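J.: I would like to see how this sequence folds:
(chains A and B)
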Amino acid sequence: MGNWVRATALMSMLLGALSGCGAGGESDVVPPVLPREGNLRVVNAMPDAGAMSSFLSTTPIARREYGEASALAPFLVGQYVINILLTPPNDESTSLVNNEPVNLSDPDEFSFVMIGPTATSQLVRIDNRSIIFGVDLNKPAEFPLPDYQILHAATGVASVDVYVTENAADLATETPTATLNFGNVTPLRKLDPANTYQVRVTLPGSKTVLFDSGAFSAPRLKRSIYLVLDNFGPGGETVRVADVTAIGAEDFPNQTLTSKLRVENLIPDAPTVDVDLVPTTGAPVVFPDVQYGNTTTQFKYVTVPNGTYTVNIVKRAVPPDTTDTLVATGPLTIVGGQAQSLYMSRLNAAAEARFIAVVESLRSISGQAQLRFVAGAPSAGAIDVYVAAAGQPISDVRPILANGALLDTTAVNLTPGSYDVIVTRSGSSTVQLFGPERISVGAGTVYNTVLLDAPAGSSTLQLQVCRTLPAPEVCL
Amino acid sequence: MNDGFALRCLSIVTAGLVASLSLVSCGGGGVDNGGNIPITTSFLRVVNTLTDSPTLVAGLDGTALTRVSYAQATGLQQLVAGKKALDVQYVDTAGRSVVLIDNEQIDLGIDDQTTVFLVGTVSTKRTKTVVNPVPDIASGNAEVQVMQAAANAGTVDVYLTDAAADLAAATKLTNLAYEQASALATVAPGTNYRLRVTAPGGTTALYDSGVFSIVAATRVMFVVVEYFGPGGNGFRVVQLSAQNASNFANEVLPAAFRIANMIADVAAVDMYIGAVAGTPAFQNVAFGSVAALQQFAAGTLLCTVTPAGNATTRLFSGSVGLSPGGTRTLVVTGSGTDIGARATVDPTRPITGEGQLQIVNAAPSAASIDTYLVAAGASIDNTIASVTNQPPLAFAATRASPGIFDVAITPVSSKVPIVAPVQLAVADGGIYTVFAADTAGGQYRIIVTTN
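T.: The predicted structure follows:
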């Protein structure tokens, strides 16, 4: 809801700014002339794809990863062509949509959704009349009712039944809102903004729920595409549904997908910590005895109920200390369908500890490797991190992480091959703090790398390298 | 990780921006886009094979695009097709831009893939352009091409074979003179390829890539370049992808390795490679000295450092990865039981017009340091440090014009040297390593080696 309000406000501001055009310098009041614009977006729903870039004639629209949608963006009415490319890290672009004509007029709302595996991808083009066309944004009470349509883009199931019902309706007595084959899209349907709803997906004729959005509501002027996607979450569910709105592709706030969390202790002066996740109600989730720099034995995902928690990190007493010490506390939200890693550290024993939670990739990308880097070494200070091809000097490459502070992180996609990881003092490619450390990455793999200090605060830097996909996880 | 994609997008964004600006008109009119005009593009990259060059900056139509070091390539950049002007320059040690290629006209045809090679040396530089159509590779195939850019190799035969193939019975892929490029050849993708280079008509491999893969639907360009590392025959081959140039992971070249003993309270050390038994590979390396380079097969070496003649006391034990053709120095420093070590990667290629300096902070007791290079006898008071805030066992690189310099080392942000400066005569093309080291007496020492 908040995002929708922001989008509406943003659009109002944009319209307001643009309405200044055409106003002359005369004292007479000249009615502002609004530019005539249609709207379009692109959606990447190819389950094995990396980044997808799109261009409207020569203007970039967006670069989106799997499961992401660009915001609905206004463009001046006119005749264009749209080009959509796969843009892998090796820069060998593959054209998916080649000079598709787009004749954009002001009531238009076009969605270009790429579905299917990259090798056989197909374009689903959805042409709607914009829900905001002709709407007086100063009269919220007259806004159109919210509406939605459903697109089946999950390659793992040929057909699905989709139920869009009032919240908690008994599926046994409900008929499917739509039965869809792969690539099918429904017409738009209205919702009542006064109601709460629930989206559930089953196999055709089955009442066994594959996906459950939980309760949600939709305000006026909101239009959604309920996009059925292949799911790569930690719970192994086959499908999920993304709520594609004017903002982008969003999760349903109460979706019931399984979530998991793992924690890593990067506090050099804390050999062991306990990490407690305290929910607003119910029993806490405890990660006990998390040792410094733990990898293979302890850095494992644990299922955690979705919801909001307070994280308490307690440094375990070490003789001659007599009591455990709370070194950090803060909020954490566990979102259905996500696997998160929680990293904690601090600059020194006198400083306040803090933590970050990172959503990890559990999805292979065809022909690419994924690598995450976490700056977990307090002694390093601000750093630049380079990943250079074998034989390539860092003078020729941009850092994957620039001016990275403690617990900063970044993720990049790589062409399979050998690379050197090099860490330098920030802003100075001349002072190398670590490396080169040679790593080799394969297609479809996911790697997690963490720069950390040696235990007990030694300034010797180490790089943890773990391959998290394909399973089982292996730390090198 | 190459700048290629971003820069390519930048090119398109730039074109798009121009288009957008021309499209943004007030008054509510539509866009006259000429009726769904398709976009026509071309691809361009630049390959630097100037044997003595510093890192270059390649630009197009007056705009700097990307940096390209020796034996490296820019990413293939997608540009709006048409005529362009290529500029190549570098920044010398005085901070001045030196133009090597000045507005050289290139015509980027629609759906062409143009590779501009910079060949020769900094003083004899010229371009050699290879134009191919954008890849349209049939399913189940790949394409290869070879460019001979090593003057010292002369004319060569190039074989692309199965790894086990006998060259005497193999058919060569191409025969190339210097500055020649082969035609594109279609090959099957595979994981067991090997590329070898021989003298014309010969069967003795002067260069051997080792086993490597060719991925389906890709186009790979092999470039013969001059080689400055240990062993070999003065040239190697690098492979160009659309993103960059890289070395073959298994190329048959040795690595060079040595130890620098900077442990102030150990008069001399031995270093064993592999098992701690028998005669150490590096024997009796005195404090403050750097052992002579020895060649090893590329791979991971288990290194154990002990006091000289005392194999039972281990000062340091750890592994060092050696890449084919690489040169590394294991710097050991510290005191008592607190010994640390880290391996440098040493440059071996001279660069015309400058000296290359590697600075190693091997003085743990000094904490982080600044390093100054000033004219012999000059004060550092009004000079900016060449290297700043360098912690122990961090490495730094800097460049200097040929001349006589004083090397001074201070605590961070201080102008008070921790030890008397040391004079260094920097030769044109020289390569040096400067160590800041502790001494047994609690003082410091600057040690300079010429590589």
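
J.: So stretch B:386-397, near chain A or not?
T.: Yes - Stretch B:386-397 comes into contact with chain A (CB under 8 Å from any CB of the partner chain), by way of B:387-397. For glycine as for every other residue, the C-beta is placed from the backbone atoms N, C-alpha and C.

J.: Show me which residues of that stretch are buried.
T.: B:386-397 (16 or more other CB atoms under 10 Å in any protein chain shown).

J.: can you tell me the distance between the two ends of that stretch?
T.: For stretch B:386-397, the first-to-last residue distance is 9 Å (CA to CA, to the nearest Å).

J.: quick check, distance from that stretch to the centre of its chain.
T.: Distance of stretch B:386-397 from its chain centroid, counting by CA atoms, centre = their mean, to the nearest Å, is 20 Å.

J.: Would you mind giving the domain segments of chain B?
T.: The record's domain parsing of chain B by automatic domain parsing lists B:1-11+B:39-134, B:135-252, B:254-346, B:350-451.

J.: for the residue of the stretch 101-250 of chain B found nearest chain A, what are its contacts?
T.: When scored by CB to the nearest CB, the stretch 101-250 of chain B has B:Asn247 as its residue closest to chain A, at 3.7 Å. B:Asn247 sits next to A:390-391, B:236, B:238, B:323-325 when contact means CB atoms under 8 Å, 6 or more residues apart in numbering or on different chains.

J.: and it, what are its bridge partners?
T.: Note on B:Asn247: beta-bridge partners by DSSP bridges are B:Val238.

J.: any idea how far chain B is from A:Leu362?
T.: Per CB to the nearest CB, to the nearest Å, A:Leu362 is found 23 Å from chain B.

J.: That residue - that's part of a strand, no?
T.: No - counting by DSSP: H, G, I helix; E, B strand; the rest coil, A:Leu362 is not found in a strand; it is coil.

J.: Break down chain B into its helices, ranges please.
T.: Applying DSSP state H to chain B gives helices spanning B:4-23.

J.: quick one: low-confidence parts of the chain?
T.: Since you didn't name a chain, this refers to chain A. The model of chain A has pLDDT under 70 over residues A:1-34, A:91, A:295-298, A:320-321, A:429, A:456-459.

J.: I was after chain B.
T.: The model of chain B has pLDDT under 70 over residues B:1-36, B:64-65.

J.: rerun that using 80 as the cut-off
T.: For chain B, the stretches with pLDDT under 80 are B:1-39, B:62-65.

J.: Just give me the longest strand of it.
T.: strand B:97-108 (DSSP state E).

J.: got the buried residues for it?
T.: Buried positions in strand B:97-108, judged by neighbour count with 16+ other CB under 10 Å: B:100-101, B:106, B:108.

J.: thinking again about what came up before, what would the buried residues of stretch B:386-397 look like in JSON lines with distance to A:Ile365?
T.: Below are those laid out as JSON lines (distance: CB to CB, whole Å):
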{"residue": "B:Ser386", "distance to A:Ile365": "42"}
{"residue": "B:Val387", "distance to A:Ile365": "39"}
{"residue": "B:Thr388", "distance to A:Ile365": "40"}
{"residue": "B:Asn389", "distance to A:Ile365": "38"}
{"residue": "B:Gln390", "distance to A:Ile365": "38"}
{"residue": "B:Pro391", "distance to A:Ile365": "37"}
{"residue": "B:Pro392", "distance to A:Ile365": "40"}
{"residue": "B:Leu393", "distance to A:Ile365": "36"}
{"residue": "B:Ala394", "distance to A:Ile365": "35"}
{"residue": "B:Phe395", "distance to A:Ile365": "34"}
{"residue": "B:Ala396", "distance to A:Ile365": "36"}
{"residue": "B:Ala397", "distance to A:Ile365": "35"}
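
J.: which bits of the stretch 51-200 of chain B sit near chain A?
T.: Contact residues (CB under 8 Å from any CB) of the stretch 51-200 of chain B with chain A: B:55, B:66-69, B:71-72, B:75-76, B:78, B:80.

J.: Just the buried subset of the residues you listed, written out for ChimeraX, thanks.
T.: Under the burial definition 16+ other CB under 10 Å, those of these that qualify are selected in ChimeraX by:
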select /B:55,66,67,68,69,71,72,75,76,78,80
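
J.: Farthest-apart pair in the residues of the stretch 51-200 of chain B next to chain A, please.
T.: B:Ala71 and B:Val80 (29.3 Å; CB to CB).

J.: Stretch A:291-308: end-to-end distance?
T.: Criterion CA to CA; first-to-last residue distance in stretch A:291-308 is 25 Å.

J.: same thing with stretch B:374-390?
T.: Terminal residues of stretch B:374-390 are spaced 18 Å apart (CA to CA).

J.: Need the contact partners of it.
T.: By CB under 8 Å, 6+ apart, stretch B:374-390 touches A:425, A:428, A:430-431, B:357, B:359, B:361, B:368-373, B:396, B:398, B:400, B:403-406, B:408, B:410, B:412-413, B:415, B:417, B:421, B:423.

J.: can you pull up the bridge partners for B:Gln89?
T.: For B:Gln89, the beta-bridge partners under DSSP bridges are B:Val57, B:Val99.

J.: list the contacts for it?
T.: Going by CB under 8 Å, 6+ apart, B:Gln89 touches B:56-57, B:59, B:97-101.

J.: and the gap between it and B:Ala400?
T.: Distance, B:Gln89 to B:Ala400, using CB to CB, to the nearest Å: 20 Å.

J.: Neighbours of the closest residue to chain B within the stretch 51-200 of chain A, how many?
T.: Distances between the stretch 51-200 of chain A and chain B by CB to the nearest CB are smallest at A:Gly78, namely 2.4 Å. Neighbour count for A:Gly78, taken as other CB atoms under 10 Å in any protein chain shown: 23.

J.: so it touches A:Asp106, yeah?
T.: No - the pair A:Gly78 and A:Asp106 fails to qualify as a contact (CB atoms under 8 Å) at a distance of 10.6 Å.

J.: what's near enough to touch the residue nearest to A:Asp108 when sequence neighbours are not counted?
T.: Of all residues not flanking A:Asp108 in the chain, A:Gly38 sits nearest, at 3.7 Å (CB to CB, 6 or more residues apart in numbering or on different chains). By CB under 8 Å, 6+ apart, the contact set of A:Gly38 is A:74-75, A:77, A:104-110, A:130.

J.: Report the separation between the spatially most central residue of chain A and B:Thr449.
T.: In chain A, the centroid-proximal residue (CA atoms, centre = their mean) is A:Glu68; its distance is 7.2 Å. Counting by CB to CB, the separation of A:Glu68 from B:Thr449 is 53 Å.

J.: swap in B:Ser319?
T.: Distance of B:Ser319 to B:Thr449, given as CB to CB: 24 Å.

J.: burial count for residue 73?
T.: Went with chain A since none was named. 16.

J.: hm, I was asking about chain B
T.: 32.

J.: Same question for A:Ala51.
T.: 20.

J.: That one contacts A:Glu68, correct?
T.: No - assessed by CB under 8 Å, A:Ala51 is found out of contact with A:Glu68, at 9.3 Å.

J.: so who does the residue nearest to B:Lys83 when sequence neighbours are not counted touch?
T.: Spatially, and ignoring its direct neighbours in sequence, B:Lys83 is nearest to B:Asp107 (5.1 Å; CB to CB, 6+ apart). The contact partners of B:Asp107, by CB under 8 Å, 6+ apart, come to B:82-84.

J.: Compare neighbour counts for B:Ser319 and B:Thr449 and give me the winner.
T.: Per other CB under 10 Å, whichever of B:Ser319 and B:Thr449 has more neighbours is B:Thr449, with 16 against 10.

J.: Okay, and the beta partners of the more buried one?
T.: When bridges are called by DSSP bridges, B:Thr449 pairs up with B:Thr433.

J.: for it, what are its contacts?
T.: With contact set as CB under 8 Å, 6+ apart, B:Thr449 has these partners: B:290, B:432-433, B:435.

J.: rewinding a little: any chance of the contacts of A:Gly38 in CSV, plus distance to B:Ala440, secondary structure and neighbour count?
T.: Converted to CSV, the contacts of A:Gly38 look like this (distance: CB to CB, whole Å; DSSP: H, G, I helix; E, B strand; the rest coil; neighbours: other CB atoms under 10 Å in any protein chain shown):
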residue, distance to B:Ala440, secondary structure, neighbour count
A:Pro74, 73, strand, 20
A:Phe75, 73, strand, 22
A:Val77, 81, coil, 20
A:Leu104, 78, strand, 25
A:Ser105, 84, coil, 12
A:Asp106, 83, coil, 18
A:Pro107, 84, coil, 15
A:Asp108, 80, strand, 19
A:Glu109, 78, strand, 20
A:Phe110, 76, strand, 21
A:Ser130, 80, coil, 20
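
J.: Alright, calling it a day.
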